[in-house]
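*Asks:* My questions concern the predicted model and sequence given below.
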Amino acid sequence: MSSTASDARAVLDAAKGQRNAARWSVAPALGLRQGEALGLPWDAVDLEAIPAMLTVS
């Protein structure tokens with residue numbers, strides 16, 4: 001099942017102010033699954049790139 005833009009917006013709105021809000025922002029933006037997002041180091045993410053870039057080794 002795929003998510004719509006409104007689904008993603010609902011998740012982001014619900015995550016605002018939560019302790020793990022960054023995970024919920026980064027995962028859909030980069031197309032990550034939960035396990036990938038949880039193990040992702042911040043230095044692997046370039047949120048200033050357009051589109052956002054993920055570097056893994």
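*Replies:* Good, I have the coordinates.

*Asks:* Give me the residues contacting the worst-scoring helix or strand of the chain on mean pLDDT.
*Replies:* Ranked by mean pLDDT, DSSP states H and E, the helix or strand of the chain with the weakest confidence is helix 34-38, at a mean of 75. Under the criterion C-beta atoms under 8 Å, 6 or more residues apart in numbering, residues 23, 26-27 lie in contact with helix 34-38. From N, CA and C alone the C-beta is placed, and that goes for glycine too.

*Asks:* burial count for residue 24?
*Replies:* 19 (other C-beta atoms under 10 Å).

*Asks:* before we move on, the earlier item: between the contacts of helix 34-38, which sits nearest residue 16?
*Replies:* Using C-beta to C-beta, the shortest approach to residue 16 within those belongs to residue 23, at 12.8 Å.

*Asks:* which secondary structure elements does the one helix or strand the closest one maps to contact?
*Replies:* Secondary-structure assignment from DSSP states H and E places residue 23 in helix 21-30. Other elements packing on helix 21-30 under the criterion 3 or more C-beta pairs under 8 Å, 6 or more residues apart in numbering; DSSP states H and E are helix 5-15, helix 34-38.

*Asks:* Adjacent strands (with direction) for the helix or strand that the shortest one is followed by?
*Replies:* Past helix 34-38, heading to the C-terminal end, the next element that is a helix or strand (DSSP H and E) is strand 45-46. Neighbouring strands of strand 45-46 in its sheet, by DSSP bridges, are strand 53-54 (antiparallel).
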